[in-house]
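Quick one, structure for this:
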Amino acid sequence: MKPTVRVDYVPAEHYTSREILRLEKQRLWPQVWQLACRLEEIPYVGDYVTYDINDESIIVVRQTPDTIRAYFNVCQHRGRRLTEGCGTAQRLQCRFHGWQWGLDGKIIRIVDRQDWDGCPDMSDEDVALREIKVDTWAGFVFVNFDPDCEPLAQHLAPVPEYTDCFEFEKMRYRWYKSVRLPCNWKVALEAFSEGYHVFGTHPQLLDTQGDDVTRSFTFGKHGMFGYPAPARLPGAPSPRTGRPVPDDIRPGIAKFFQDLEDQLKAIITARDNEATKRILTECPPDMPHLEVLMKAGQFQREAALADGAGWPDITAEQIYKAGTDWHVFPNMIFLMSPDGMLFYRARPDGDNPDSCFYDICSIARYAPGAEPPLKREFYWGVDDWKIDTVERFGLILSQDFANMTEVQKGMKSKGFRGARTNPLQESAISNFHRVLREVLFDEKHHDLG
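Have a look, this model is predicted:
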């Protein structure tokens with residue numbers, strides 16, 4: 001009898017089993033929408049990004065100013081891959097024998113084509129690049145190998161209903177880092193799908209975290225966590241510290257934003273951090289906590305508008321409703337503010353359940369033309385994740401990475417049967433595994449609430 005998933009339990013085999021990894025390769029990745037890149041990575045005709053997942057590789061290319069296409073990255077002659085990484089090309093050429101295709105996927109050149117005269121299945125249509133489904137949302141480009149897949153909008157629902165108000169499509173890359181981690185792709189992903197770990201992993205944040213008790217919510221195949229009824233707001237010490245809320249909350253709020261900027265450089269922006277400091281001189285020390293936070297938001301908005309970066313037409317109610325952190329099935333996580341977003345993408349590393357590729361990206365609002373040049377950093381060596389980790393990734397991510405290898409090792413122990421997920425703060429994780437088992441085993445579970 002196969003292990004089941006409950007709201008408080010995920011079997012260890014989901015993270016350690018080669019059979020589970022094989023089933024994911026066979027039944028998950030070939031039929032699900034997955035993040036390939038952002039539109040800003042392919043702004044001009046001929047710009048392309050190569051997206052790799054398991055044994056497959058995809059070329060995402062801008063065919064016309066208004067058209068994005070996605071093709072299997074394989075020459076129809078002898079199977080050589082046509083592209084790697086990213087770049088610009090007016091034609092897609094195989095560097096083995098020189099065959100060429102247009103950006104529309106149609107064959108342009110077959111060297112000595114007459115040699116195939118009389119051979120079957122050699123029409124232009126037969127040797128065109130094979131196309132796969134592609135669609136966009138909020139500046140992100142998604143691909144799907146299944147020609148009969150559900151529309152992307154249907155797959156994403158109801159996430160856009162909660163988060164489109166942030167205008168992610170108007171944000172641009174602040175930084176892009178990719179790292180190979182010694183853990184299953186789900187272990188890496190789930191480290192950022194709950195806030196329950198802040199107390200144990202990021203104790204330095206508790207000084208100004210406010211109430212760090214989260215609540216996790218499920219939305220079909222997706223999940224979210226937030227702070228729906230915090231006992232204390234950001235800027236105050238967590239109740240777990242045993243310290244009272246100070247009479248003057250301004251330094252705590254300023255430190256909250258300063259810590260995010262110093263230790264992560266994501267979600268908020270450097271501009272937000274500097275603008276927030278105005279509360280120290282422009283708000284009275286006895287101003288109520290919530291009013292000071294609202295003033296900080298006002299100052300951040302004013303700074304963004306003064307910079308020409310714009311600001312979304314978003315209300316406090318929409319920000320509250322959107323929560324803090326979203327998991328978009330199967331492998332995307334994002335955390336957001338009106339001025340920035342941090343997103344993650346986890347992918348398996350071949351047939352090894354104990355390794356994955358983890359892409360971590362920060363995007364933010366900039367005035368048109370003021371965004372920094374996109375620099376992709378890759379740390380794919382086996383030990384790169386633990387070399388100069390704080391310098392490369394910041395303190396918060398380095399603390400998270402330190403957990404992952406030990407979690408993966410621990411889950412392989414005979415003394416560990418499965419993850420005892422917190423029913424209130426980690427239900428997005430157990431819900432993810434419920435949906436995953438439906439995909440892998442065609443199971444239906446109804447015990448997760």
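
What separation is there between residue 265 and residue 172?
15 Å (Cβ to Cβ, to the nearest Å). Just so you know, the C-beta spots here come from the backbone N, C-alpha and C atoms, and that holds for glycine as well.

neighbour-wise, which of these two wins?
residue 265 (21 against 18; other Cβ atoms under 10 Å).

which ones are touching that one?
By Cβ atoms under 8 Å, 6 or more residues apart in numbering, residue 265 lies in contact with 174-175, 362, 394.

hey, where'd the helices end up in the stretch 151-300 of the chain?
Here the stretch 151-300 of the chain has its helices, by DSSP state H, counting those that start in this stretch, at 152-156, 159-163, 185-190, 198-201, 250-263, 270-276, 279-282, 289-307.

Summarise which helices and strands the fourth one is packed against.
Right, the one you point to is helix 198-201. Under the contact criterion of 3 or more Cβ pairs under 8 Å, 6 or more residues apart in numbering; DSSP states H and E, helix 198-201 touches helix 395-411.

before we move on, what about the second one?
When contacts are defined as 3+ Cβ pairs under 8 Å, 6+ apart, helix 159-163 sits against helix 316-322, strand 325-328.

Adding distance to residue 261 as columns, could you present these in JSON lines?
Putting the helices and strands packed on helix 159-163 into JSON lines (distance: least, Cβ to Cβ, whole Å) gives the following:
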{"stretch": "helix 316-322", "distance to residue 261": "19"}
{"stretch": "strand 325-328", "distance to residue 261": "19"}
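
out of those, nearest to residue 92?
Counting by Cβ to Cβ, residue 92 lies closest to strand 325-328 out of the helices and strands packed on helix 159-163; the figure is 29.7 Å.

What strands line up against that closest one, and which way round?
Here strand 325-328 has these sheet partners by DSSP bridges: strand 222-226 (antiparallel), strand 332-337 (antiparallel).

between these, which one is nearest to residue 207?
strand 332-337 (19.8 Å).

For the closest one, buried residues please.
Neighbour-count burial for strand 332-337 flags 332-337 (criterion: 16 or more other Cβ atoms under 10 Å).

ok and it relative to helix 250-263, angle-wise?
Inter-element angle recorded for strand 332-337 and helix 250-263: 140 degrees (by axes from the mean of the first three to the mean of the last three Cα atoms, to 10 degrees).

where does residue 126 land in three-state SS?
Assigned with DSSP: H, G, I helix; E, B strand; the rest coil, residue 126 falls in the coil class.

Same check on residue 382?
Secondary structure of residue 382, per three-state DSSP, is coil.

Can you tell me the closest non-neighbouring residue to residue 258?
Distances taken as Cβ to Cβ, 6 or more residues apart in numbering place residue 273 nearest to residue 258, at 5.9 Å, with adjacent residues excluded.

residue closest to the middle of this structure?
residue 344 (2.6 Å; Cα atoms, centre = their mean).

Dihedrals phi and psi, it?
phi -130, psi 150 (degrees, to the nearest 10).

That one against residue 362, yeah?
No. The criterion here is Cβ atoms under 8 Å, and residue 344 misses it with residue 362 at 10.5 Å.

Can you report how many residues neighbour the residue lying closest to residue 179 once chain neighbours are set aside?
Counting by Cβ to Cβ, 6+ apart, residue 179 lies nearest to residue 379, which is 4.4 Å off, once chain neighbours are set aside. Other residues near residue 379 come to 19 when the count uses other Cβ under 10 Å.

I'd say residue 379 and residue 385 touch.
Yes. Under the criterion of Cβ under 8 Å, residue 379 makes contact with residue 385 at 6.4 Å.

what sits in contact with each of these two?
179-180.

where does the residue lying closest to residue 419 once chain neighbours are set aside fall, helix, sheet strand or coil?
In space, and not counting its chain neighbours, residue 419 is closest to residue 10: 4.3 Å by Cβ to Cβ, 6+ apart. Secondary structure, three-state DSSP: residue 10 is strand.

Low-confidence regions, the protein specifically.
1-2, 443-449 (pLDDT under 70).

hmm, 50 instead?
Along the chain, the model assigns pLDDT under 50 to residues 1, 445-449.

biggest strand in it by residues?
Criterion DSSP state E: the longest strand present in the chain is strand 352-365.

Quick check: next helix or strand after that strand?
Next in sequence after strand 352-365, counting helices and strands by DSSP states H and E, comes strand 376-379.

For residue 143, what are phi and psi?
phi -130, psi 160.

what bridges to it?
residue 34, residue 134.

Against residue 133, how distant is it?
Residue 143 is 7 Å from residue 133, by Cβ to Cβ.

Looking only at neighbour counts, state which of those two leads.
A count of neighbours by other Cβ under 10 Å puts residue 143 above the other of residue 143 and residue 133, at 24 against 16.

contacting residues around the more buried one?
33-34, 36, 51, 58, 60, 70, 132-134.

Can you tell me which of these comes closest to residue 350?
Looking across the contacts of residue 143 and measuring by Cβ to Cβ, the closest to residue 350 is residue 51, at 15.6 Å.

so what's the closest one bridging to?
Applying DSSP bridges to residue 51 gives these bridge partners: residue 58.

And it, how far from residue 410?
32 Å.

Neighbour count: those two, which is higher?
Using other Cβ under 10 Å, the more surrounded residue of residue 51 and residue 410 is residue 51, with 21 against 12.

Do I have it right that that one meets residue 37?
Yes. The criterion here is Cβ under 8 Å, and residue 51 meets it with residue 37 at 6.5 Å.

Identify the contacts common to those two.
Joint contacts of residue 51 and residue 37 (Cβ under 8 Å, 6+ apart) are residue 60.

Please spell out which residues along the longest strand of the chain are buried.
Under 16+ other Cβ under 10 Å, the buried positions of strand 352-365 are 353-365.

returning to that earlier point: is it possible to get CSV of the buried residues of strand 332-337 that adds distance to residue 19?
Shown next, in CSV, are these (distance: Cβ to Cβ, whole Å):
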residue, distance to residue 19
332, 25
333, 25
334, 30
335, 33
336, 36
337, 41
